[in-house]
Structures are given as C-alpha cells and as structure tokens.
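Peer 1: Following is a predicted model, sequence given first.
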Amino acid sequence: MNAHDRPLGANDLAKLHYGDGDFAVLRPGRYVVCAVTGQKVSLDHLRYWSAALQEAYAGPAEALKRWQETQPD
C-alpha cells in the first residue's frame, strides 16, 4: 500500500474465479478473504489459491493447511 491508497473497506471485496495459473476478476475490488484465516489479502499480494476449491489463501502456510485438511486419510 502506498501513501495514496485508502484503507481496505467492505466495498472493496473482489470476487474472483481462480484458475490453475491465474485468476479472473468477476467483480472488481481490492482484496479477497483468506479461506483459512479470514485475513484480507490485497489482490496485489495474492499468490496462493485453490482452483478446485475456488478459495484464496493469505500465504503458503494457509494453502498447505487447507490442502492437508482436504486430503483423504
């Protein structure tokens, strides 16, 4: 975030379609919500998501946690 950016608000929630190597913006916004932590993740910093589950993650630890939760025993 730079000096000209305003804080993230509820109206800035984006809706995305997550693909295997990229995502498509369905509703413009500035952030998505991490499916594991509930943390707001700026689209500029979004690097981890699941195309199969259609959800975003704040970082690699959250992505790994969700992957472990969804694996059959």
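Peer 2: The structure has been received and is ready for your questions. Numbering: from 1, shown residues only.
Peer 1: could you measure the residue lying closest to Ala14 once chain neighbours are set aside against Lys15, distance?
Peer 2: Leaving aside its chain neighbours, Ala14 sits nearest to Gly29 (2.9 Å; criterion: Cβ to Cβ, 6 or more residues apart in numbering). To be clear about C-beta, it is placed using only N, CA and C from the backbone, and glycine gets the same treatment. In this structure, Gly29 and Lys15 are 7 Å apart, going by Cβ to Cβ, to the nearest Å.
Peer 1: okay, those two: which has more neighbours?
Peer 2: Set Gly29 next to Lys15 and count neighbours by other Cβ atoms under 10 Å: Gly29 wins out with 18 against 11.
Peer 1: isn't the more buried one right up against Leu13?
Peer 2: Yes. With contacts counted by Cβ atoms under 8 Å, Gly29 reaches Leu13, the gap being 5.0 Å.
Peer 1: Shouldn't Ala63 be within a helix?
Peer 2: Yes. Assigned with DSSP: H, G, I helix; E, B strand; the rest coil, Ala63 falls within a helix.
Peer 1: list the contacts for it?
Peer 2: Contact analysis of Ala63 by Cβ atoms under 8 Å, 6 or more residues apart in numbering lists 48-50, 57.
Peer 1: ok, of the residues you listed, which one's closest to Trp67?
Peer 2: Ranked by distance to Trp67 (Cβ to Cβ), the contacts of Ala63 are led by Ser50 at 7.7 Å.
Peer 1: I'd say that closest one and Leu64 touch.
Peer 2: No. Using Cβ under 8 Å as the test, Ser50 is too far from Leu64 to be in contact (11.3 Å).
Peer 1: Among the contacts of Ala63, which one lies nearest to Ala24?
Peer 2: Distance to Ala24 across the contacts of Ala63 (Cβ to Cβ) is lowest for Trp49, with 11.7 Å.
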